[in-house]
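**Student:** need a 3D model of the following:
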Amino acid sequence: MISVVVPTLGRPSLATLLDALAGQLDELPEPELLLIDDRRPDTGEETGELAVPGPLAAYTKVLTGRGAGPAAARNLGWRAARGEWVVFLDDDVVPAPDWARRLRDDLLAADRVGGVQGVVEVPLPAHRRPTDWERGTAGLAEGKWITADMAYRRAALAEAGGFDERFPRAYREDAELAHRVRRAGWELVRGRRRVAHPVRPESRWISLRTQRGNADDALLRRLYGGSWRTDLDLPPGRRPRHVAVTAA
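**Tutor:** Sure thing, here's the model as predicted:
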């Protein structure tokens, strides 16, 4: 059995993802789709039920999250999953038409392989230079072990303890888990299945919200010391460049 876990805030992109899965999920052995409805119930907004396409109804279970962020939502999903493999997808990706078939091949992995990452492609505008937000999203294409499309053995997740819920944003929590999985003796590899990750429209204040990720970086420094970027196999970031520009 293969379980697919999708945390969601009910974005319109979820319908596109589910439509893409509807035509191919039955290619997986005993498929299971777990949607984690992580919309906060205290916002006062009318949420309603998540719409699931008819072909997926037999495979789908909707679980209600606590609105505590993607790490907590994914933990709820994999702990409820029944599959040997748990595949995490973001609710704004679009799986390729052969995604399920390639996923099945990706998961024919050696016993000590604890995780297999999919290939993430970010389409950018061809008629102009990308914005900072678009360039940041494009970085997902080079990211390692990101949960936009990441499959883990359930045994590896259990041994590592799952996602650290002290990371409240979709930022660093996936790399931190991958570090603990590898530290437990599991291997992580890249597969051949593909998803597209369109750039989500954002407001002019996105840069301010992005800066909140500095708190997650600070937590990683407390947990792993000054070499946390190297230990977690993360790029150096833009801070050295900013320091050099300021010094100049």
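
**Student:** any residues touching stretch 144-153, and which ones?
**Tutor:** Stretch 144-153 is contacted from outside by 70, 74, 78, 84-90, 93, 95, 103, 106-107, 113-120, 140, 170, 173-175, 177-178, 181, 186, 188, 191, 193, 195, 197, 233-234, using Cβ atoms under 8 Å, 6 or more residues apart in numbering. Any C-beta I mention is one placed from the backbone N, CA and C, and that applies to glycine too.

**Student:** mind giving me the PyMOL select for the residues you listed, buried ones only?
**Tutor:** Typed into PyMOL, the next command selects the buried ones out of these (criterion: 16 or more other Cβ atoms under 10 Å):
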select buried, resi 70+74+78+85+86+87+88+89+90+93+95+103+106+107+113+114+115+116+117+118+120+140+170+173+174+175+177+178+181+186+188+191+193+195+197+234
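
**Student:** looking at the contacts of stretch 144-153, which are in strands?
**Tutor:** 85-89, 95, 113-120, 188, 191, 193, 195 (DSSP state E).

**Student:** any idea how far Ala182 is from Val113?
**Tutor:** Actually, residue 182 is Arg rather than Ala. 11 Å (Cβ to Cβ, to the nearest Å).

**Student:** pull the residues that contact stretch 21-32.
**Tutor:** Under Cβ under 8 Å, 6+ apart, the answer for stretch 21-32 is 1-4, 33, 53-56, 59, 61, 81-83, 95, 97-101, 103-104.

**Student:** if you set the cut-off to 10 Å instead, what comes out?
**Tutor:** Stretch 21-32 has contacts (Cβ atoms under 10 Å, 6 or more residues apart in numbering) with 1-6, 18, 33, 52-61, 80-87, 89, 94-104, 107.

**Student:** can you list the strands that whichever helix or strand Ile36 is part of pairs with?
**Tutor:** In this structure, Ile36 sits in strand 31-37 according to DSSP states H and E. Counting by DSSP bridges, the strands paired with strand 31-37 are strand 2-8 (parallel), strand 60-64 (parallel).

**Student:** with that, I have no additional questions.
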